[in-house]
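1. Just need the structure, nothing else, for what follows:
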Amino acid sequence: MSGLALHYERKTTQHHVVLSVPQGKVTRVHLPDEDSKAHLVTAVLKARTQPEEELELFGQKTADLKKRERKQVRARLGAVSPVVGLINNLNAWENISLPAAYHGTAPLENVAELAHEVITAFGGDPEPFLLRVPDELSMLERKVAAFVRLLVSAPELMIFDALEEGLSHSECNRVAKFEMVYRAYQPAGTVLYVDTREDT
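-> Next up is the predicted model:
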């Protein structure tokens, strides 16, 4: 479908989920339950569906993608989720810089500059922040570190999955910065907030 970053449909005996996300816009969706949310996020990030699902990303049906095409589509996606995905025995800088070095997405000097800018935008002190391992970071700080790692690859579609989950009341007041910072680096990017109706 033209003009859409994402179109998704999943029909089960319990629920029928249909979602269209316009390219370059902000979309907020509350799904029926955690299972529905997990299926959506997994399908999008893998660019691959289960039999009961249909998915188009950037106008392409994922069922028709060849291996190389699927890899290219996946490179355009990112998600900040409750499962932050940082490696516990690496500090924040290593969690951010090693994937960047492996994929060759940007010079490490640029990655360091980006990390400092984003951490500062969230009110953190970059030098000590980047030296701490995940267990020494708050949940918000872990999400910020994962967010920086994603921003390095300049995703065109950013999913914020249950962004407030695991955060304190004061930290929840700062989550709007995720969208603001993403927009600063990807003005034409697409933002999708996903949560469940159980959390409203």
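
2. Residues in a beta bridge with the residue sitting nearest the centre point of the chain, which ones?
-> For the chain, the residue whose C-alpha lies nearest the mean C-alpha position (Cα atoms, centre = their mean) is residue 79; its distance is 1.3 Å. Using DSSP bridges, the bridge partners assigned to residue 79 are residue 159.

3. Please name the residues that touch it.
-> Shown in contact with residue 79 (Cβ atoms under 8 Å, 6 or more residues apart in numbering): 41, 44-45, 150, 158-161. In this view, the C-beta of every residue, glycine as well, is placed from N, C-alpha and C.

4. how does it look with 10 Å?
-> Neighbouring residues of residue 79 by Cβ atoms under 10 Å, 6 or more residues apart in numbering: 41-42, 44-45, 85, 146-147, 150, 155, 157-161, 192, 194.

5. cool, residue 195 as well?
-> When the contact criterion is Cβ under 10 Å, 6+ apart, the partners of residue 195 are 28-31, 34, 37, 160-165.

6. just to revisit the earlier point, give me the PyMOL select line for the contacts of residue 79, limited to the buried ones.
-> Buried subset of these, written as a PyMOL selection, criterion 16 or more other Cβ atoms under 10 Å:
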select buried, resi 41+44+45+146+147+150+155+157+158+159+160+161+192+194
